[in-house]
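1. Based on what follows, work out the 3D shape:
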Amino acid sequence: MFLNPDEHREEFGLREGDTVADLGAGSGAYAFLAAEAVGETGKVYAIDVQRDFLPNIKNSALSRGLKNVEVMWGDFEVPGGSGLRDGIADAVILANTLFQLDDKEGAVKEAKRILKQGGKLIVIDWEDSFGNMGPSKSAVVKKSEAVELFRSAGFIFAKDIPAGEYHYGLLFHV
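-> Numbers count the residues shown, from 1 in each chain. Purely as a prediction, here's the structure:
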């Protein structure tokens, strides 16, 4: 695995009882990490536009004993597309997702809409294109572009998060 969520778990600053939205949950790796961090009193919404991923995430969560993960279909590139209410989340995770989005600005607005005031946004994405590993060169969202994308939507850049050899990690606040 090129990206190991456990390696930067502490950097996320998730706490017991937090509500987290993992937008573009994919295999669920970050949703599981978040579910462990927020504990039984917390909640994690694992949202993906690819319906085929959802049963796998749910089954994996249950097999790990994580009952605080709710899987949801959602197109979070459109207003309200996550299916979550305004200001529900203490944290939003966008991991290995930004490079795949057609409407990046729409996804940024949706992430901000669902975050509580003072909430945090964790962005992890590919640093570059690495041939057959990772996105195509044209799909890569450079770190500087990502920072500007979120800043222009009103997010406050807090710090870089170590994310391994092939990825960058960013932490923002609203």
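2. Report the helix or strand with the lowest average pLDDT across this structure.
-> helix 9-12 (a mean of 72; mean pLDDT, DSSP states H and E).
3. Which pLDDT value belongs to Pro8?
-> Actually, residue 8 is His rather than Pro. For His8, the model assigns a pLDDT of 58.
4. Show me where this structure has its helices.
-> Remark: helices assigned in the chain by DSSP state H are 9-12, 29-38, 53-63, 104-114, 143-151.
5. Which residue in this protein shows the largest distance from the geometric centre?
-> Ranking residues of the chain by C-alpha distance from their mean position (CA atoms, centre = their mean) puts Gly131 at the top, at 24.2 Å.
6. in the chain, which ranges drop under the pLDDT threshold?
-> 1-9 (pLDDT under 70).
7. Mind naming the longest strand for it?
-> strand 115-126 (DSSP state E).
8. Go through that strand and flag the buried ones.
-> 115, 119-126 (16 or more other CB atoms under 10 Å). Heads up, the C-betas are built off the backbone N, CA and C, glycines and all.
9. For the residues you listed, give me JSON lines that also has distance to Val78.
-> Compiled in JSON lines, the buried residues of strand 115-126 are given as follows (distance: CB to CB, whole Å):
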{"residue": "Leu115", "distance to Val78": "17"}
{"residue": "Gly119", "distance to Val78": "21"}
{"residue": "Lys120", "distance to Val78": "23"}
{"residue": "Leu121", "distance to Val78": "18"}
{"residue": "Ile122", "distance to Val78": "22"}
{"residue": "Val123", "distance to Val78": "19"}
{"residue": "Ile124", "distance to Val78": "23"}
{"residue": "Asp125", "distance to Val78": "21"}
{"residue": "Trp126", "distance to Val78": "24"}
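10. beta partners for Phe157?
-> Phe172 (DSSP bridges).
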